[in-house]
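**Q** No sequence on hand, only this structure:
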Ligand code: SF4
């Protein structure tokens, strides 16, 4: 049973040394009780206390790892219901399904395309997280052969069959890669538990509703399986939202152990079109799917889902930032325009993209504004004339451009006068209000 903050406090060293990042042991104990801190942050806690607090300090949702190679899926490990409560830690894994009935050449092509898929966004590279192999043929040999083909890609795998014999055949070939076993059901759970224990693989449970899910989860945990994944069996928009929200709430708010595991979802099941599958997948990413298995490899569906996921899983307290610096856009030289902006990644990449589109090689100087965009940083006093002038001097901007003309974002035109005082040997120009107008602005203002 979960302990209260006061009960946990009794086991802590009570020195208030702050090494855990909290001002007092009591504050740390309160956060532990809420599942928002980890006991390991206190270096001085005794072994005896560690054992006693193990259950209380167990995260409300277990982090489950699928895969044994460099590419792994880390699902779960969340501690809050809403991102703004703290942050989410492990983005919903996007997995593409293949079938053991797919022709061999098509299967190899799809597996390679999925493994090679990579997109760049705001300076980060995103890939597909794994491949699910479905035993559509109902044939154990074909299933095992298909799993072996996927294994060559070194992608994390989810093996999909409710037939323990087929699952055993596939695990014989790929069990060492730590695939997830999907799924244990009311009818096969004993055999699936045996396989999960034998191969030390995570076990996904598929149930008919939450009550059955809790019973099967308890049974698997009692049998010694620690890494579980939950599928409540719902497939519609409303019932899935309801079930997944209840699972998350029971885990986070109530500390109900049988629901303290990541979930797996299948947006293509029951969807009448790819568009509908994409909308369902978006819902699962938002609330509360930890693994989203897509029915097919369709880049036009995957890219927006990756973008959505990025928006939800960035830490609201730590905006994605660029490093302070002067970046060349194209083959910039000493005659190139010299623009200034903030270090919010989305701002940087928007402006860099527009500058690139003009075909005019340019410089883009990024000031450290703690990840805020131009107007937000300006209103917070983090993007002012003093900061810009200091950055110009620190980065020796004069060594990049002989003309000493600096182009301010149009939205902070108000800084021009002060910046002229700070940088008397520079000419301060005011650029357009919107990045997309930079091409026209160059035509009219830059020779
Ligand atoms: Fe207390 Fe441990 Fe935190 Fe120090 S590190 S304040 S002893 S809980």
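**A** Yep, that arrived. Treat the numbers as computed from the prediction; the structure is a model and nothing was measured. Numbers count the residues shown, from 1 in each chain.
**Q** Every contact and neighbour count from this point should use C-alpha atoms.
**A** Noted.
**Q** Quick check: chain neighbours aside, which residue is closest to the residue nearest to the spatial centre of the chain?
**A** In the chain, the centroid-proximal residue (Cα atoms, centre = their mean) is residue 91; its distance is 2.7 Å. Excluding its sequence neighbours, the residue lying closest to residue 91 (Cα to Cα, 6 or more residues apart in numbering) is residue 313, at 5.7 Å.
**Q** Ok, residue 436 next?
**A** Here the residue nearest residue 436, using Cα to Cα, 6+ apart, is residue 354, at 5.8 Å.
**Q** So the one you found versus residue 329, what's the distance?
**A** Noted for residue 354: a distance of 10 Å to residue 329, by Cα to Cα, to the nearest Å.
**Q** for residue 70, same thing?
**A** 33 Å.
**Q** Neighbour count: these two, which is higher?
**A** residue 329 (20 against 9; other Cα atoms under 10 Å).
**Q** Could you check the pLDDT of that one?
**A** For residue 329, the pLDDT comes out at 95.
**Q** same question, residue 125
**A** 87.
**Q** A strand includes residue 98, no?
**A** Yes: secondary structure of residue 98 (DSSP: H, G, I helix; E, B strand; the rest coil): part of a strand.
**Q** To what extent is it buried, counted in neighbours?
**A** By other Cα under 10 Å, the residues close to residue 98 number 25.
**Q** ditto for the one 5 residues further on
**A** Neighbour count for residue 103, taken as other Cα under 10 Å: 9.
**Q** do the same with residue 427
**A** 14.
**Q** what separates it from the ligand, distance-wise?
**A** Taking Cα to the nearest ligand atom, to the nearest Å as the measure, residue 427 falls 53 Å from the ligand.
**Q** Kindly report the residues of the chain close to the ligand.
**A** Counting by Cα under 6 Å from any ligand atom, the chain comes close to the ligand at 12-20, 22, 24-25, 28, 42-44.
**Q** Quick check: PyMOL command selecting the buried ones in these.
**A** Entered in PyMOL, the line below selects the buried ones among the residues of the chain next to the ligand, by 16 or more other Cα atoms under 10 Å:
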select buried, resi 12+20+22+25+28+42
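**Q** Looking at the residues of the chain next to the ligand, which are in helices?
**A** 25, 28 (DSSP state H).
**Q** Just the pLDDT for residue 311.
**A** Residue 311 is assigned a pLDDT of 87 by the prediction.
**Q** Now it: which helix or strand?
**A** Assigned by DSSP states H and E, residue 311 belongs to helix 299-313.
**Q** residues making contact with that helix?
**A** With contact meaning Cα atoms under 8 Å, 6 or more residues apart in numbering, helix 299-313 is reached by 83, 87-92, 119, 126, 274-275, 278, 281-282, 285-286.
**Q** Quick check: next helix or strand after that helix?
**A** strand 325-329.
**Q** Check which element follows that following strand along the chain.
**A** Next helix or strand after strand 325-329 toward the C-terminus (DSSP H and E): strand 338-342.
**Q** Off-centre distance for that next one?
**A** Taking Cα atoms, centre = their mean, to the nearest Å, one finds the center of strand 338-342 at 29 Å from the center of the full chain.
**Q** Any buried residues in it, and which?
**A** 338-342.
**Q** Check stretch 180-187 too.
**A** Those would be 180-185, for stretch 180-187 by 16+ other Cα under 10 Å.
**Q** ok, now stretch 197-209?
**A** Within stretch 197-209, the residues scored as buried using 16+ other Cα under 10 Å are 197, 199-207.
**Q** Just give me the closest of the buried residues of stretch 180-187 to residue 34.
**A** residue 180 (29.3 Å; Cα to Cα).
**Q** could you dump the buried residues of stretch 197-209 to a markdown table with secondary structure and pLDDT?
**A** Supplementary listing: the buried residues of stretch 197-209 in a markdown table, determined by DSSP: H, G, I helix; E, B strand; the rest coil; pLDDT from 0 to 100:
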| residue | secondary structure | pLDDT |
| --- | --- | --- |
| 197 | helix | 98 |
| 199 | helix | 98 |
| 200 | coil | 97 |
| 201 | coil | 98 |
| 202 | coil | 98 |
| 203 | strand | 98 |
| 204 | strand | 98 |
| 205 | strand | 98 |
| 206 | strand | 98 |
| 207 | coil | 98 |
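**Q** could you dump these to a markdown table with distance to residue 62?
**A** Below are those laid out as a markdown table (distance: Cα to Cα, whole Å):
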| residue | distance to residue 62 |
| --- | --- |
| 197 | 18 |
| 199 | 20 |
| 200 | 16 |
| 201 | 15 |
| 202 | 12 |
| 203 | 13 |
| 204 | 13 |
| 205 | 15 |
| 206 | 17 |
| 207 | 19 |
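**Q** and which of these is nearest to residue 58?
**A** Nearest to residue 58 among these is residue 202, at 18.1 Å by Cα to Cα.
**Q** Give me the phi and psi for that closest one.
**A** Dihedral pair for residue 202: phi -60, psi 150, per degrees, to the nearest 10.
**Q** hang on, isn't it packed against residue 183?
**A** No: Residue 202 is beyond contact range of residue 183, at 10.3 Å (criterion: Cα atoms under 8 Å).
**Q** picking that back up, list the buried residues of the helix holding residue 311.
**A** 301-303, 305-306, 309-310, 312-313.
**Q** Between these, which sits nearest residue 359?
**A** Among those, residue 303 lies closest to residue 359 (Cα to Cα), at 26.5 Å.
**Q** What distance do you get for that closest one to residue 118?
**A** Residue 303 is 10 Å from residue 118, by Cα to Cα.
**Q** One more: residue 388?
**A** In this view, residue 388 and residue 118 are 35 Å apart by Cα to Cα.
**Q** Compare these two and say which is more crowded by neighbours.
**A** More crowded of residue 388 and residue 118, by other Cα under 10 Å: residue 388, with 24 against 15.
**Q** follow-up on the earlier one: look at the residue nearest to residue 436 and say how many residues are nearby.
**A** 18.
**Q** Isn't it up against residue 440?
**A** No: when contacts are counted by Cα under 8 Å, residue 354 is not listed as touching residue 440 (11.1 Å).
**Q** Show me which residues of the least confident helix or strand in the chain by mean pLDDT are buried.
**A** Ranked by mean pLDDT, DSSP states H and E, the helix or strand of the chain with the weakest confidence is helix 47-53, at a mean of 83. Within helix 47-53, the residues that count as buried by 16+ other Cα under 10 Å are 50, 53.
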